[in-house]
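Colleague: structure here, sequence nowhere to be found:
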């Protein structure tokens, strides 16, 4: 079987947003350490970890979208439409230069491979 791996594009808007919010939370956490602040800091840490490994794998007749531990499998034959998207919706896409993949009856996912032309 032919296996192709596409890494996620890392856009400055997404990365700077996560780091800016994390810096604000760190400053708040420094001045008043409450359980809520610790929970929010844990969420930012989890987002950072998710950003470390985001990739899209095409193998056989399946597209696997992996964001660290989260894995989604999409049957390529179920894909109905692929189009560019600039949506701000939460997605396993680390850049705002995204591709919207519509599949199944009402399902869709946003991804941002580095080599979009090749994808």
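Modeller: Here it is on my side, so go on. A quick note: this is a predicted structure, and the numbers were derived from the prediction, not measured. Numbers count the residues shown, from 1 in each chain.
Colleague: quick one: secondary structure of residue 42?
Modeller: When classified by DSSP: H, G, I helix; E, B strand; the rest coil, residue 42 comes out as helix.
Colleague: in contact with it, which residues?
Modeller: Residues in contact with residue 42 (Cβ atoms under 8 Å, 6 or more residues apart in numbering): none are found. (Each C-beta comes from the backbone N, C-alpha and C, glycine too.)
Colleague: does residue 36 lie in a helix or a strand, and which?
Modeller: Element membership of residue 36 [criterion: DSSP states H and E] is helix 35-52.
Colleague: what segments of the chain are strands?
Modeller: Taking DSSP state E as the test, the strands found in the chain are 3-7, 54-59, 62-67, 70-75, 79-85, 98-103, 107-111.
Colleague: in the protein, where's the longest helix?
Modeller: Longest helix in the chain by number of residues, with DSSP state H as the criterion: helix 12-31.
Colleague: show me what that helix is packed up against.
Modeller: Helices and strands touching helix 12-31, by 3 or more Cβ pairs under 8 Å, 6 or more residues apart in numbering; DSSP states H and E, are helix 35-52.
Colleague: low-scoring pLDDT stretches of the protein, where are they?
Modeller: 1, 10-15, 18, 47-52, 68-70, 90-95 (pLDDT under 70).
Colleague: pull the number of nearby residues for residue 82.
Modeller: Here the number of neighbours of residue 82 (other Cβ atoms under 10 Å) works out to 13.
Colleague: now distance to residue 39 too, for the strands of the chain, in a markdown table please.
Modeller: Shown next, in a markdown table, are the strands of the chain (distance: least, Cβ to Cβ, whole Å):
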| stretch | distance to residue 39 |
| --- | --- |
| strand 3-7 | 30 |
| strand 54-59 | 24 |
| strand 62-67 | 21 |
| strand 70-75 | 20 |
| strand 79-85 | 31 |
| strand 98-103 | 29 |
| strand 107-111 | 26 |
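Colleague: partner residues bridging the closest residue to residue 80 other than its chain neighbours?
Modeller: Spatial nearest neighbour of residue 80, excluding adjacent residues (Cβ to Cβ, 6 or more residues apart in numbering): residue 102 at 4.8 Å. Beta bridges link residue 102 to residue 81, residue 108, judged by DSSP bridges.
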